[in-house]
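Student: pasting the structure only:
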């Protein structure tokens, strides 16, 4: 999934953490909610500005980040 138009990084927002579409909701917020057992539907109900596509983008971003080899600058 190409998440480049969904996941944004702005140095002055949330300490430069990856966020959803320039909002103050971070990728780690979404991944944490999913890890704690929240469903996609529950997240969307609690945060109606987030879409299912946004959540998939967070998962793809996290997957890409987790697949990087430490010290590999090309990844």
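Tutor: Everything's here; your move. In this text, all values refer to a predicted model and were calculated from it rather than measured experimentally.
Student: which residues touch stretch 35-53?
Tutor: Residues from elsewhere that reach stretch 35-53, judged by CB atoms under 8 Å, 6 or more residues apart in numbering: 6, 20, 23, 25, 30, 33-34, 55. For every residue, glycine as well, the C-beta is placed using N, CA and C.
Student: next, the buried residues of that stretch.
Tutor: 40, 43-44, 47, 50 (16 or more other CB atoms under 10 Å).
Student: can you say which of the contacts of stretch 35-53 are buried?
Tutor: Here, 16+ other CB under 10 Å leaves 6, 20, 25, 30, 33-34, 55 buried among the contacts of stretch 35-53.
Student: so which of those residues are in strands?
Tutor: residue 20 (DSSP state E).
Student: residue 65: which of the buried ones among the contacts of stretch 35-53 is nearest?
Tutor: Nearest to residue 65 out of these is residue 30 (CB to CB; 13.2 Å).
Student: what's the distance between the nearest residue to that closest one once chain neighbours are set aside and residue 71?
Tutor: Excluding the flanking residues, the one nearest residue 30 by CB to CB, 6 or more residues apart in numbering is residue 58, at 4.2 Å. According to CB to CB, to the nearest Å, residue 58 stands 25 Å off from residue 71.
Student: the two: which has the busier surroundings?
Tutor: residue 58 (27 against 6; other CB atoms under 10 Å).
Student: please identify the buried residues of the helix or strand harbouring the more buried one?
Tutor: In this assignment (DSSP states H and E), residue 58 forms part of helix 52-66. For helix 52-66, burial by neighbour count (16+ other CB under 10 Å) applies to 54-55, 57-62.
Student: residues contacting the residue nearest to residue 30?
Tutor: Counted by CB under 8 Å, 6+ apart, residue 58 has contacts 3, 7, 20, 27, 30-31.
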